[in-house]
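**Q** Predicted structure and sequence below. I'll ask about it afterward.
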Amino acid sequence: MDKSWMHADRRSKAYELGVEGFLNFALQNLGNTTEIRCPCVKCGNIRLFGVGIIREHLYFNGIDQSYKIWRWHGEPWEWTTNASRNVEEDEQSRFSYVSEELGMDDNDFANIGSDPYEFANVIGDGDEPLYPGCSKYTKLSALVKLYNLKAKHGMSDVCFTELLILQGEFLPEGNTLPSSMYEAKKTLSASGMSYEKIHACSNDCILYRKEFENATNCPTCGISRWKETKDGFLKEGVVAKVVWYFPPIPRFKRMFQSHKTAKSLTWHAARKSVDGYMSHPTDSPSWKLVDEKWPDFGNEPRNLRLALSSDGFNPHSSLSSRYSCWPVMLVTYNLPPWLCMKRKFMMLTILISGPKQPGNDIDVYLEPLIDDLKSLWDGIRGVYDAHIGEYFTLRAALLWTINDFPAYGNLSGCVVKGYKACPICGDDTPSHRLKNGHKICYIGHRKWLPINHPYRRQRAVFNGKPEYGMPPEPLTGEEVLHMVEDINYIWGSKNGGSVGENDGDRVCWKKKSKFFDLEYWKYLPVRHALDVMHIEKNVCDSIIGTLLEIPGKNKDGIAARLDLLNMGVKIDLQPEYGERRTRLPPGPWNLSRAEKRAVCNSFYGMKVPEGYSSNIKNLVSL
């Protein structure tokens, strides 16, 4: 069938004949119907109209040129060359998972078919006005605002239904607001943003899934699955701990069903500025290694490269410090730099509830995500690319994790405190415990300087010794895997941790990281990265607090001076004991009052780009 008219001028005779031929073709194949899908640029096969209105749309808006196979107008599915029969089966599963947060079951999706544009049909409510003539709210936006109100104030389903009915009476006639909680749930859950509530052991031993799905007690610690009252009675059916899992695969599919987003996901392959500097993760050794070692993965620009990040936060703000909730986020690096860190593209995949942090047992909660990452590495068939207009097999690889230093240790299995806290130096970490400060300091940092750097030869300003050592080589992933392969770590906060004959020889490693279950993980040159923001913030706090002698922030005190004396460094700065008080001689870092005022004035007049930091001026008192 000739479809060249789709690219012709809309004022030409060829386009006019093509439109009439298309409409006749649709009517013949769809049978007796009064409305068919409109394939114009604005409607995109989402809305249904009569033939006359569709003819007008095709002349005024033009036909969607990416609509190459007229599937919605009767063209047989077997004619496509970009998809196989199993695509339809894969797409049927897109709405098969249960929307537990809305209380839906599988029967609620009985009317949703295998249409790859079904998601767009549901989101079409976002273009439908709340009532005729309304330009401020759509059906979807109004419903989302009302549902957020319900969740914020703990409104019951019955109360929410009555609110919808009352709100519908206030609105003009012909409004599209749902009149019941059931209709509202159906609209919101069909958008695919569901999650799974997975029961977990209170001691972080296991997740009640797979072989433990029907268990009522933890096989490791024996504690009950159900919540226990203060009197010691179990509340059957009330789970003690829950982890929320948001599957990322359906959301990756949604990203490719947007023309604009699907195009942005291949931005990295078309970027022009390759100047030898690392300006995007595509310039990193990890990205290049994946492309070289697995060329079939690297040759498809739509395959995703991901980063993972996790940290604890207190949802109760500063009211309590005894609760720690841990979100696990995914970031997609295929997007341009100005998009990949936008809020809409940062995916929450796991939410680990408190009250205590998971610590080293965070791997237990990562199991469902690791399973999905394995599936993404093998390939997800039947993903529709709206930009190109074809189906393809989507694959994805996790390049690294980004965390602060304590979370770095939890995810990598490396010790991050104590005498051997350096992940690079390991057993050779140059550490020294301060006698008076009761802290461990690490003073071998000069070995990373060039061999002829003048700081290597300076004694008095450092620890009184020159530095001739060479920096150690970081361990490869395969070397790390060989070291931790035999560590038998028992999950759970009340269990024994690692057990094994040679564990005493591996004091730098606590466990085998769950990420090693990924086939490619051991080959990556950088597997875990540090969030520089935390380090910069802590170092800046210490420097500013010491220079301005801020109480509680000043690192220069009697204990620090005595430790310098014990190390034989800066003897002239030792404390001078008097009858009433102890005096600390001023050091080269101590500022005069005029110098402190100059520093404060510089902060007071500082102006930074919007969103770069808080208003520093409000934090300075002159």
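**A** Received it, and whenever you're ready, just let me know what you need. Residues are numbered from 1 along each chain as shown.

**Q** Tell me if Val242 really is in a strand.
**A** Yes - judged by DSSP: H, G, I helix; E, B strand; the rest coil, Val242 forms part of a strand.

**Q** residues near it, how many?
**A** 14 (other CB atoms under 10 Å). C-beta coordinates here come from the backbone N, C-alpha and C atoms, glycine included.

**Q** repeat for Ile380
**A** Count around Ile380 with other CB under 10 Å applied: 19.

**Q** correct me, but it touches Pro250?
**A** No - between Ile380 and Pro250 there is no contact under CB atoms under 8 Å: 10.0 Å.

**Q** In the protein, what helix or strand scores lowest on average pLDDT?
**A** The least trusted helix or strand in the chain, going by mean pLDDT, DSSP states H and E, turns out to be helix 86-92, with a mean of 37.

**Q** Show the subsequent helix or strand relative to the longest helix belonging to the chain.
**A** Assignment by DSSP state H gives helix 13-30 as the longest helix of the chain. Proceeding N to C from helix 13-30, the next assigned helix or strand is strand 36-37, under DSSP states H and E.

**Q** List the strands paired with that next one, with their directions.
**A** Next to strand 36-37 in the sheet, as set by DSSP bridges, lie strand 48-49 (antiparallel).

**Q** mind checking how far the strand it pairs with is from the chain centre?
**A** 39 Å (CA atoms, centre = their mean, to the nearest Å).

**Q** Check what contacts whichever helix or strand comes after that strand and list those residues.
**A** Toward the C-terminal end, the helix or strand that comes next after strand 48-49 (DSSP H and E) is helix 51-60. Contact with helix 51-60 is made by Arg10, Val19, Phe22, Leu23, Leu27, Ile36, Cys38, Pro39, Cys40, Lys42, Cys43, Phe49, as judged by CB atoms under 8 Å, 6 or more residues apart in numbering.

**Q** Tell me how far the closest residue to the second one other than its chain neighbours lies from Gly578.
**A** Put plainly, it is Val19. Of all residues not flanking Val19 in the chain, Leu58 sits nearest, at 5.1 Å (CB to CB, 6 or more residues apart in numbering). As judged by CB to CB, to the nearest Å, Leu58 and Gly578 stand 94 Å apart.

**Q** Same check on Trp244?
**A** 61 Å.

**Q** So for the two, which residue has more residues nearby?
**A** Per other CB under 10 Å, whichever of Trp244 and Gly578 has more neighbours is Trp244, with 17 against 8.

**Q** Could you measure from the nearest residue to Gly74 once chain neighbours are set aside over to Ser66?
**A** For Gly74, ignoring the flanking residues on the chain, the nearest one in space by CB to CB, 6+ apart is Asn29 at 2.3 Å. To Ser66, Asn29 is 21 Å away according to CB to CB.

**Q** repeat for Leu591
**A** Taking CB to CB, one finds Leu591 at 65 Å from Ser66.

**Q** Ok, Asp231 next?
**A** 64 Å.

**Q** Same question for Cys441.
**A** Counting by CB to CB, the gap from Cys441 to Ser66 is 62 Å.

**Q** same check, this time on Ser279
**A** From Ser279 to Ser66 the distance is 31 Å (CB to CB).
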